[in-house]
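J.: A structural model of the following input is requested.
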Amino acid sequence: MSCTHLSTIAVVTPSADGCEECLKTGGWWVHLRLCRACGHVGCCDQSPSRHASAHFAATQHPIIEGYDPPEGWGWCYVDEVMFDLSEYKTPHPRPIKRWVEG
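T.: Purely as a prediction, here's the structure:
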């Protein structure tokens with residue numbers, strides 16, 4: 001299976017220097033995901049709040065990028081497929097603090 005949403009991938013500016021919602025609420029994350037439609041930075045599904053998936057549910061923006069550090073892969077929520085983004089990684093504009101539980 002291949003992704004049918006690759007044309008939606010945009011060059012984006014990250015919305016925050018960590019999970020946008022966790023930074024506002026004092027939450028924590030395991031890994032970060034970057035929406036490649038609008039630049040929203042959210043936490044992964046292994047994080048307590050799963051903000052990246054919540055962003056997809058609210059917006060239907062299909063593509064995320066592994067973003068801490070830029071990992072070189074993408075995921076399409078709609079087609080449920082991973083793909084190579086190594087030549088299109090989004091750089092961090094500033095250092096991102098690593099959060100861990102506790």
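
J.: could I get the phi/psi values of the residue nearest the centre of the chain?
T.: Per Cα atoms, centre = their mean, the C-alpha nearest to the average position across the chain is that of Arg33, at 1.8 Å. Main-chain dihedrals, Arg33, degrees, to the nearest 10: phi -130, psi 140.

J.: who's in contact with it?
T.: Counting by Cβ atoms under 8 Å, 6 or more residues apart in numbering, Arg33 makes contact with 41-44, 52, 64-67, 75. Where you see a C-beta, it was placed from the backbone N, CA and C, and this is true even at glycine.

J.: what bridges to it?
T.: Per DSSP bridges, the residues bridged to Arg33 are Gly42, Gly66.

J.: so where's the longest helix in this protein?
T.: helix 51-59 (DSSP state H).

J.: could you give the mean pLDDT of that helix?
T.: Mean pLDDT, computed over helix 51-59, is 98.

J.: tell me which residues of that helix come out buried.
T.: Residues 51-53, 55-56 are the ones in helix 51-59 that count as buried (16 or more other Cβ atoms under 10 Å).

J.: and that helix, C-alpha only, in CSV?
T.: What follows is helix 51-59, C-alpha atoms only, in CSV (Å, rounded to 0.1, in the frame of the first residue of the first chain):
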residue,chain,number,x,y,z
HIS,A,51,-1.8,15.4,21.0
ALA,A,52,-0.6,14.6,17.5
SER,A,53,-3.4,12.1,17.0
ALA,A,54,-5.9,14.6,18.5
HIS,A,55,-4.7,17.2,16.0
PHE,A,56,-5.4,14.8,13.1
ALA,A,57,-8.8,14.0,14.5
ALA,A,58,-9.7,17.7,14.7
THR,A,59,-8.2,18.8,11.4
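
J.: can you spell out which helices and strands pack onto that helix?
T.: helix 20-25, strand 32-35, strand 41-43 (3 or more Cβ pairs under 8 Å, 6 or more residues apart in numbering; DSSP states H and E).
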